[in-house]
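In: With the sequence up front, the predicted model follows.
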Amino acid sequence: MTDRRRRFEAEALVHLDAAYNLARWLARSPADADDLVQDALVRAYRGFDALRGDARPWLLAIVRNCFYTARAQARREVHDDGELAALPDETTPGPLAAAIRAEEGARLAGALARLAPEYREVLVLREIEDLSYREIADVVGVPIGTVMSRLARARAALARVHGGADGLR
């Protein structure tokens, strides 16, 4: 194994779960998320030598760019992305709790799916991936003020659509 590959695995691949999570929320399909992450990892490996700083926001920016590139191509091909799949399962105690969690997860996923992608991505990056405003600004390529504005609008829209934004910061 080459030193470059070892460094890539140590610095970038440790963020694979975060990359998949963002891809899943943006693409709204596990299969499409798999494809996005695979494409992003290939691009990341090719450009790894140019990385300066934290690999996590860098990799998430690549995932985001791959999503928007694929989305633009799909529009040209008149492709339908389908519906948002259910939230990833987590172990919950008892069947009643699991049913409640599944219903709430489906409602939240549906509410997130109705948000514009620029709002959905900042919510996922902040609330799920726990990135700082600066890191989100770097990933999305906008000023911090725009990140804060999008987050406020996204939270307000999610609260309207979902009937409340409990658990959001």
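Out: Thanks, I have it.
In: CA atoms for contacts and neighbours, from now on please.
Out: Will do.
In: Excluding chain neighbours, give the residue nearest to Y133 in space.
Out: In this structure, Y133 finds its nearest non-sequential neighbour in I144, 6.1 Å apart by CA to CA, 6 or more residues apart in numbering.
In: Which strands and helices lie in contact with the lengthiest helix in the chain?
Out: In the chain, assigned by DSSP state H, the helix with the most residues is helix 55-76. Where contact means 3 or more CA pairs under 8 Å, 6 or more residues apart in numbering; DSSP states H and E, helix 55-76 is packed against helix 16-27, helix 30-46, helix 133-140.
In: can you list the ones you listed in TSV and add distance to G53 and mean pLDDT?
Out: TSV is the format used below for the helices and strands packed on helix 55-76 (distance: least, CA to CA, whole Å; pLDDT from 0 to 100):
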stretch	distance to G53	mean pLDDT
helix 16-27	17	91
helix 30-46	14	92
helix 133-140	11	93
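In: Of the ones you listed, flag the one that's most buried.
Out: Ranked by mean neighbour count, those are led by helix 16-27 with a mean of 23 (mean count of other CA atoms under 10 Å).
In: List the contacts of that one.
Out: Applying CA atoms under 8 Å, 6 or more residues apart in numbering, the external contacts of helix 16-27 come out as 30, 32-34, 36-37, 59-60, 63-64, 67, 81, 117, 120-121, 124-125, 129.
In: so the residue nearest to Y133 touches R134, yeah?
Out: Yes: shown here, I144 and R134 form a contact pair, counting by CA atoms under 8 Å, at 6.1 Å.
In: low pLDDT regions in this protein?
Out: Residue ranges of the chain with pLDDT under 70: 77-101, 103-105, 162-169.
In: From V124, how far out is the spatially most central residue of it?
Out: The residue lying closest to the centre of the chain (CA atoms, centre = their mean) is L22, at 1.6 Å. Distance from L22 to V124, counting by CA to CA, to the nearest Å: 7 Å.
In: Next: R64.
Out: 12 Å.
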